[in-house]
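Colleague: just coords:
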């Protein structure tokens with residue numbers, strides 16, 4: 001019986017450990033980082049709000065349905081329920097520049113009998129509607145919101161990849177520094193030459209500094225990343241290479257981005273408004289037409305009205321509106337040009353840094369190869385008794401440090417290439 005209970009406990013512990021390890025994968029950590037990102041959550045809210053505003057214009061054929069009761073509401077008099085007047089209304093907004101409302105008031109008496117007396121249709125439309133301008137403005141807001149979401153997703157993705165790389169590098173640095181320190185301390189005790197002792201002491205201090213830096217760096221990182229650093233590093237590296245497939249390898253600049261497209265719509269809206277300067281001074285009447293069909297009398301009545309409101313005197317507000325309508329297209333052209341310049345400069349700067357990094361990596365690889373050859377030569381000299389043992393140890397430490405520097409440069413190369421995703425609107429906006 002005891003053996004059975006012990007086996008159950010051990011099995012539960014193993015299952016808990018397996019589930020804990022399984023949870024330390026890229027997808028789980030990434031989704032949690034997204035959920036914790038204030039910028040991302042705000043961007044999603046702004047994008048969904050902008051999408052709804054665009055759909056209100058593009059899906060104007062879909063109505064709203066509202067139901068209200070009459071002014072008396074649901075009333076009781078002398079303990080008896082009175083007749084209830086229900087008013088269901090179907091409303092189409094921005095339908096060919098007009099708002100259309102269909103209503104059919106229903107009277108319900110206390111006995112539950114229903115009666116529809118009339119069916120009413122009302123159409124309201126401004127004489128000079130600016131629906132197209134509003135559509136362009138809302139599309140610009142949607143594209144700007146999508147751009148902000150795109151950037152927020154990239155911040156989380158690139159930030160997580162950078163943290164995984166930093167953990168991997170810090171663990172390698174810590175292991176190398178600890179190993180070097182143990183060997184150097186032993187050599188320091190046996191060093192006979194003063195110059196050798198100073199050099200060993202210098203290397204000891206460097207190793208101690210490396211241990212402090214790596215330990216502090218690891219202490220600041222997510223424990224889950226530390227537990228699965230090797231696995232996460234492989235996943236992150238594979239994902240980064242997959243995302244980078246959509247980016248041209250040459251110096252081709254992106255033709256446009258979400259941000260530039262948003263500016264183009266803002267410019268189109270501004271140009272439409274600038275063509276209607278007189279609207280700032282002239283009234284924009286509202287034309288309303290109504291049609292009522294009386295079911296019992298089988299009669300039709302209709303009416304048309306024109307609502308006009310105009311400011312005769314103001315304090316310069318209309319003159320300011322005219323100035324704004326005239327200036328806004330030029331402002332939007334400048335903003336569009338600035339966005340294109342930012343796109344061009346940003347990609348060129350990143351590609352320039354990548355070119356410099358490529359040279360640095362090649363130089364560091366040559367340095368590593370030279371140091372590897374030096375270690376081979378030094379080992380032969382030490383084995384032949386021509387050089388002391390500390391020389392081969394110092395040469396191996398220098399090789400180890402150079403290899404770590406090469407790893408760091410290669411990580412920087414990946415991060416810089418990922419930075420290009422900020423300028424190319426590829427599929428990385430999805431939460432995968």
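Modeller: Received, thanks. All values derive from a computational prediction rather than experimental measurement.
Colleague: what's the host helix or strand of residue 392 packed up against?
Modeller: Residue 392 belongs to helix 389-419 when assigned by DSSP states H and E. Helices and strands touching helix 389-419, by 3 or more CB pairs under 8 Å, 6 or more residues apart in numbering; DSSP states H and E, are helix 131-190, helix 194-219, helix 229-243, helix 317-383. Using the backbone N, CA and C atoms, a C-beta is placed for each residue, glycine as well.
Colleague: now with 7 Å?
Modeller: helix 131-190, helix 194-219, helix 317-383 (3 or more CB pairs under 7 Å, 6 or more residues apart in numbering; DSSP states H and E).
Colleague: what angle separates that helix from helix 317-383?
Modeller: 160 degrees (axes from the mean of the first three to the mean of the last three CA atoms, to 10 degrees).
Colleague: List the buried residues of helix 389-419.
Modeller: Buried residues in helix 389-419, counted by 16 or more other CB atoms under 10 Å: 390-397, 399-404, 406, 408-414, 416-419.
Colleague: Let me know the angle separating that helix from helix 229-243.
Modeller: Compare the direction of helix 389-419 with that of helix 229-243 by the same axes, to 10 degrees and you get 40 degrees.
Colleague: Measure how far helix 389-419 is from the centre of its chain, please.
Modeller: 33 Å (CA atoms, centre = their mean, to the nearest Å).
Colleague: quick one: low-confidence parts of the chain?
Modeller: 1-23, 70-83, 110-112, 190-196, 249-253, 426-432 (pLDDT under 70).
Colleague: Taking helix 131-190 as reference, get the angle to the helix holding residue 392.
Modeller: With the same axes, to 10 degrees defining the directions, helix 389-419 sits at 180 degrees from helix 131-190.
Colleague: which strand is the longest one in the protein?
Modeller: strand 84-95 (DSSP state E).
Colleague: so what does whichever helix or strand comes after it touch, helix or strand wise?
Modeller: Using DSSP H and E, the helix or strand that directly follows strand 84-95 along the chain is strand 98-103. Contact analysis of strand 98-103 by 3+ CB pairs under 7 Å, 6+ apart lists strand 84-95, strand 118-126 as its packing neighbours.
Colleague: Tell me which strands the last one pairs with, and in which orientation.
Modeller: Read that as strand 118-126. strand 98-103 (antiparallel), strand 286-294 (antiparallel) (DSSP bridges).
Colleague: now those strands in TSV, with mean neighbour count and distance to residue 30?
Modeller: TSV is the format used below for the strands paired with strand 118-126 (neighbours: other CB atoms under 10 Å; distance: least, CB to CB, whole Å):
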stretch	mean neighbour count	distance to residue 30
strand 98-103	17	45
strand 286-294	15	52
